[in-house]
Each structure stands twice: as structure tokens, then as C-alpha cells.
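S.K.: here's my sequence, what's the structure:
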Amino acid sequence: MIPPDVTTGSTLTLSLSGDLPENELFELRSLFVDFESVTFKDVLDAVHRAKKDSRVDALLLHFRGTQLGWARADEIREALLDFAAGGKPVVAFLEYGGTLDYYLASAADTIYIHPQSVLDLRGLSAEVTFMKSTLDKLGVEAEFEQIGAYKNAPDVFTRESLSDPHREALQTIVEDLYERLVDSIAVSRNLTIPEVEDILDRGPFRAVEARELGLVDELLYKDEVEDLLGESGEGYQPLSVGVYRAQHEDGLTLGHRPTIALIYGVGVIVGGENDEDPFYGRVMGADTLASAFKQVREDDSIDAVVFRIQSPGGSDVASDAIWREAALTMEEKPVVVSMADVAASGGYWIATASDAIVAEPSTITGSIGIYAGKFNVDGLYEKIGFSRDGVLRGESADFWSDARSFTPEERLRLRQILQAGYDRFLDKVAQSRDMKPEEVDAIGQGRIWTGAQALEIGLVDEVGGLDRAVALAKEKAGIAADADVNLEIYPEAGTLFDLLWKQMVYATPEVTGVHAWLPERLLSRSPVLKLLTEKPSLALMPYDVKIR
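M.R.: Residues are numbered from 1 along each chain as shown. Next comes the predicted model:
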């Protein structure tokens, strides 16, 4: 398919609805599939390229409720401000606008809102769902050991409310994000800090109220906004990111440029291959990432590596397997980490095998800690009439049995195992960050930090996004700052055939009836559930915390 040419007088249009994938698990752009599917990097590249493209006159943001995290919103917002600094107008249209939508929209020169819409602009909250009472009613006992006062992932099963350390960590995160939100709105809309804080206390707002408060410039329908953008030329000429990317790729001549590998690590970290979990979304497979690092390490044409991480962590063993390959690659060429919305727990573990770490001010990072445990469902079995019996040989044969509690001796043994894992985590961070283990322990203990806070305590090297990480990789590889480079994406996306084959395998019943039973089928479809049932030590954040 040949993409259409870019028309002079075009308006680059960014539709910010839902999430933007960091990279594609499967490459589905073909004759049979719409090539409009775009990644987060596609959006950044389009904004940067359009700033210098004389055929593009303006940029239109269309909001329908973005699901981006705060860090990647920071990254896009900086790109929008850079575009506006080039003298071209940035216009925002809010079909629906929440707090994060408005944070992004505030980078625009002009903000319009649908007359019937609501500007859902409020303060920030972080909520955690606790399940202990539910488990008690079901007769299920959660038995977990954790190393680190702030390592609070098991709390959702073992408590009914926030612990003091958990509340403290969340409060500092929310305060940091709130201050940045207030400052950004105040500067963009020419308001004072007290005025913005008062506005946030009184939201949400009807569209007409938002205009009266100076939060938006006018109430217009989308077609009216488009008419305004087309007044100065041949009418409104929309240019989507997908078309712009395709047009650019079609005429791209790479030549003999230095090459930087961009390795994506996205999702909960598990053993095996990259995958899509039906319950938890993207999964980062240790085998896939290890293979990518090995391939890059052995390719002499690649000068440096940027490791882009978007992960709440996962298995400590799988994390360590990825760390090992990244560390071996460091011996051959520079490795720079770029953190997205979250790179914590196991996501921070794998980041330590690098020459430098770059994070956005709002990136959730740290969470240096570890935990493990099991669920005792004997009470549930009794309630529903299940019974089990069996034989064993050896006092610890049923250590992980879900039909009984840990003995005091077993709990002590589990804690010893976890302490050894935590100490190993501390050593890796200490070596990477030029600290002593006890210094890392003081800022570890499972506590999460924003990227800005992590910079202050030495867990990251610079504040910035993917572009800054690429620039730093060029510097460390001895590539001139103004030199053009080729970015090669790893791991390579699967094909349409790969996707169809995977779906066919998932849909095929097991030969033996017992393995086709529902729990087994769920495990076969969910790498994360499989991970959680294998009783590993976990370096994983609670991924149900939402800050909105």
C-alpha cells in the first residue's frame, strides 16, 4: 500500500484515547490490516518531525480519555511544548477531559471543549483495593513473607487498609505529581498557584464553567475547530500519525549511519517468551529479552543500546536472567536505560545493568524488595465440600500445599530465602549506583519513588525521555550529538501468521480431559497467573494502584 503524500497546509492530528503501546507484539500492518495502528514512539517522532516539516502548519490534539501514565504524558507534553516553540500553533479539543487529559492539553496554545462535555479536572488520588475480608469470607488465608517495610504488594491480600509505610510512600508520590500538575497549569493558563489549587478543589466542571475559569478558551464542536484550522489555507487538511509515519517510511533512505538498538521490555516479567496476557496485558518474557540482548551484543554493526522499560516487575529469577544478558552486553557496548511510566521492582532490577538510567519526573521506580507466599484454601474447600488426600515422603514435601498453613519453621525458612534474594538485589543496585548495600537498603525496603525523587537519591542519572536516552547513548558510543542514527527495534515483532498460530494453539483443547479443566485452561492462557501459582520469589509492584 502506497501512503498518500503529505499536503501542504496539513494539520498533524493526535487522537489521545486509551493507551499507546510502547511497541507492537505483532506486526499487523499489511494489505489486509489498517496501517493506522501507532506506538508511543510513533507519536513522539511525528511531533518532532512535523515541527521542521514546512508542509505541516499546525497540530491538533483530540482527547477522549487517555490511559497513558504520568511519565509518558510528561514525555508527550515536552514534545508538544517543543513543537509550539517552533512557532506553529498547538490546538487542543476536549471531547472528554480528565485530569491527565487536561495536563496534556495545557501545553496547547488554545483549548476548546465540546459544549456538552464535562472537564473532569480534580486533585489526585491513589486508591488500593484490599481483599482480606473477601478471602476471610471464602475461607482463604493469604500467607506471605516480604522483605522491606514498604514492599506492600501482599498487603492487598493480608490487610484491610493501608499500612503506615504504604500510606507514606503513596502520599509522597501523589504530592510530587500534584505539585507538577499545579505548576504546569498555572504557567500554561496564566494563573497563580493558589488559583489552580482552588480550582482543583472544586472540580469537576461543566464546559461553560471551565470557560469562565479560564481553563478553556471556547466551547466548540469538533467540526467548528476543524473549520478554524482550515481558514488560512485550502481548508482543513488532517494528517494522522499513521499516515505521516507511513509516508516517511516509504521515502526513508537509511544509508551508512551509526546504529543504536532500541530494546523494549514491556509488561510483567516472567520466564519464557513475550506474550499478551488476557488479564494483565503485555508480558515480558526473559527468553525473548535475553535473546534480543545476545543478538545485539554479537552484531558489530550496532554501536549502542537503549533499553526502554515499562514494567512493574515480576519473577526475580526471570529478572535476573534479563539482567545477566544486559550486563554481558554492557561489556561490549554502551547500554542506556529509558524508563517509561513504571520501571520498578523487577523492572528496576533489570535497569541496573546499564551505563546510565534516564527517567521522566513522574516515572514510578525503585520498589527494591522481594516477597513470596501462598494461599491456604483449606477453609474454602471445607465450605464447598471439597476434600483431598494423598501420601508424601519427607517433612517438607508439602511445603507449598494450598491445603495447610506454613509451620513456624517453614515460615522462617521462607524468610531466609527471601532475605538472600533481597541481599542480592541490594548488591546489584549498590554495584550499579556506586553505593554501599546499606545505603541502598535505606532507600529500598520496597519503597516506590517518582523519577524526580529517584534522581535526588541516586537511583537514576538524568530526568528525560526516550530522546534523551538516545542522545546519551550516542554520547557514550562516541557518536556526534548532531549525527543521524538508525534505530533498530528489538525484539522483532511477530507476524500475522505467528498471531494466528498462537490463537489456534490456545483454542485447541488438551488431549487429556483433566488438563482441559477450567483452571488449567486459564493458566495456559495467562503467563502471569501461571507465574503466581509457581510459588516463586517475586520482585513485583502491586499493579492495581492507579493515580488519577
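S.K.: any stretches of the stretch 1-150 of the chain with poor pLDDT?
M.R.: 1-4, 26-36 (pLDDT under 70).
S.K.: 80 instead, please
M.R.: In the predicted model, the stretch 1-150 of the chain carries pLDDT under 80 at residues 1-5, 25-37.
S.K.: got it, and the chain?
M.R.: 1-5, 25-37, 232-234, 247-256, 279, 493-526, 528-537, 541-548.
S.K.: how's it carved up into domains?
M.R.: The chain is divided into the following domains under automatic domain parsing: 10-122+203-250, 259-370+435-542.
S.K.: next, the residue nearest the centre of the chain: secondary structure please.
M.R.: Central residue of the chain (C-alpha atoms, centre = their mean): Gln310, 3.7 Å from the mean position. When classified by DSSP: H, G, I helix; E, B strand; the rest coil, Gln310 comes out as strand.
S.K.: need the contact list for it.
M.R.: Contact analysis of Gln310 by C-beta atoms under 8 Å, 6 or more residues apart in numbering lists Glu22, Tyr264, Gly265, Val266, Gly267, Met339, Ala340, Asp341, Val342, Ala343, Gly347. In this view, the C-beta of every residue, glycine as well, is placed from N, C-alpha and C.
S.K.: try it again with 6 Å
M.R.: Residues in contact with Gln310 (C-beta atoms under 6 Å, 6 or more residues apart in numbering) are Glu22, Val266, Ala340.
S.K.: of the residues you listed, which is the most crowded?
M.R.: Counting neighbours by other C-beta atoms under 10 Å, the top entry in the contacts of Gln310 is Ala340, with 26 neighbours.
S.K.: returning to that earlier point: can I get the contacts of Gln310 in TSV including secondary structure and distance to Ser163?
M.R.: Output for the contacts of Gln310, formatted as TSV (DSSP: H, G, I helix; E, B strand; the rest coil; distance: C-beta to C-beta, whole Å):
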residue	secondary structure	distance to Ser163
Glu22	coil	32
Val266	strand	30
Ala340	strand	28
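S.K.: need those residues in JSON lines (columns: distance to Phe386).
M.R.: Listed next are the contacts of Gln310 as JSON lines, based on distance: C-beta to C-beta, whole Å:
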{"residue": "Glu22", "distance to Phe386": "42"}
{"residue": "Val266", "distance to Phe386": "38"}
{"residue": "Ala340", "distance to Phe386": "43"}
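S.K.: thinking again about what came up before, how far away is the residue nearest to the centre of the chain from Leu228?
M.R.: Per C-beta to C-beta, to the nearest Å, Gln310 is found 36 Å from Leu228.
S.K.: list of residues touching stretch 109-119?
M.R.: Contacts with stretch 109-119, where a contact means C-beta under 6 Å, 6+ apart, come from 89-97, 105, 204-205, 207, 210, 216-220, 225.
S.K.: OK, contacts around Ile457?
M.R.: Residues near Ile457 by C-beta under 6 Å, 6+ apart: Ile443.
S.K.: which parts of the stretch 351-500 of the chain are helices?
M.R.: 378-384, 408-433, 437-443, 451-457, 466-476, 496-507 (DSSP state H, counting those that start in this stretch).
S.K.: quick one on the thing from earlier: which ones among the contacts of stretch 109-119 lie within helices?
M.R.: Ala105, Ala207, Ala210, Val225 (DSSP state H).
S.K.: surely Asp183 forms part of a strand?
M.R.: No - read with three-state DSSP, Asp183 is helix and lies in no strand.
S.K.: if I look at it, how far off is Arg55?
M.R.: 35 Å.
S.K.: same deal with Ser338?
M.R.: Note on Ser338: its distance to Arg55, by C-beta to C-beta, is 30 Å.
S.K.: re the thing from before, which of Asp183 and Arg55 has more residues huddled nearby?
M.R.: Between Asp183 and Arg55, Arg55 has the larger neighbour count (other C-beta under 10 Å), namely 16 against 12.
S.K.: wait, doesn't the more buried one sit right on Val6?
M.R.: Yes - between Arg55 and Val6 a contact is recorded at 4.8 Å, counting by C-beta atoms under 6 Å.
S.K.: how many neighbours does Ile479 have?
M.R.: Ile479: 21 surrounding residues under other C-beta under 10 Å.
S.K.: excluding sequence neighbours, find me the nearest residue to Ala480.
M.R.: Lys474 (7.5 Å; C-beta to C-beta, 6 or more residues apart in numbering).
S.K.: actually, Ile417.
M.R.: Ser537 (6.8 Å).
S.K.: contacts only, for the one you found.
M.R.: Contacts of Ser537 (C-beta under 6 Å, 6+ apart): Asp316, Ile370, Ala372, Gly421.
S.K.: in TSV: the residues you listed, plus distance to Ala290 and neighbour count.
M.R.: As requested, the contacts of Ser537 are exported to TSV (distance: C-beta to C-beta, whole Å; neighbours: other C-beta atoms under 10 Å):
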residue	distance to Ala290	neighbour count
Asp316	15	26
Ile370	21	30
Ala372	23	21
Gly421	20	22
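S.K.: quick check: which element contains Tyr103?
M.R.: helix 99-105 (DSSP states H and E).
S.K.: tell me the helices and strands packed up against that helix.
M.R.: Packing contacts for helix 99-105, counted by 3 or more C-beta pairs under 6 Å, 6 or more residues apart in numbering; DSSP states H and E, involve strand 56-66, helix 70-85.
S.K.: residue contacts, Val283?
M.R.: Gly267, Val268, Val270, Asp275, Asp277, Pro527.
S.K.: burial check on the second one, number of neighbours?
M.R.: Residues within reach of Val268, counting by other C-beta under 10 Å, total 27.
S.K.: count the neighbours of the residue lying closest to Gly379 once chain neighbours are set aside for me.
M.R.: Distance criterion C-beta to C-beta, 6+ apart; nearest residue to Gly379, sequence neighbours excluded, is Gly139 at 2.6 Å. With neighbours defined by other C-beta under 10 Å, the count for Gly139 comes to 15.
S.K.: what about Gly139, distance to Lys383?
M.R.: Remark: distance between Gly139 and Lys383 (C-beta to C-beta) = 5 Å.
S.K.: mind saving the C-alpha coords of the helix or strand hosting Lys530 as CSV?
M.R.: Here Lys530 sits within helix 527-533, counting by DSSP H and E. Backbone C-alpha positions of helix 527-533 (Å, rounded to 0.1, in the frame of the first residue of the first chain) are rendered in CSV as follows:
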residue,chain,number,x,y,z
PRO,A,527,1.5,-16.3,31.9
VAL,A,528,1.1,-14.1,34.9
LEU,A,529,-1.4,-16.4,36.7
LYS,A,530,1.0,-19.3,35.9
LEU,A,531,3.8,-17.3,37.4
LEU,A,532,1.8,-16.6,40.6
THR,A,533,0.9,-20.3,41.0
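S.K.: okay, stretch 172-182 in CSV with CA atoms only?
M.R.: Extracted in CSV, the C-alpha atoms of stretch 172-182 (Å, rounded to 0.1, in the frame of the first residue of the first chain):
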residue,chain,number,x,y,z
THR,A,172,4.8,11.4,48.7
ILE,A,173,4.2,10.1,45.1
VAL,A,174,0.8,11.9,44.9
GLU,A,175,2.3,15.1,46.4
ASP,A,176,5.1,15.1,43.8
LEU,A,177,2.7,14.6,40.9
TYR,A,178,0.2,17.1,42.3
GLU,A,179,2.8,19.9,42.6
ARG,A,180,3.9,19.3,39.0
LEU,A,181,0.3,19.4,37.8
VAL,A,182,-0.4,22.6,39.6
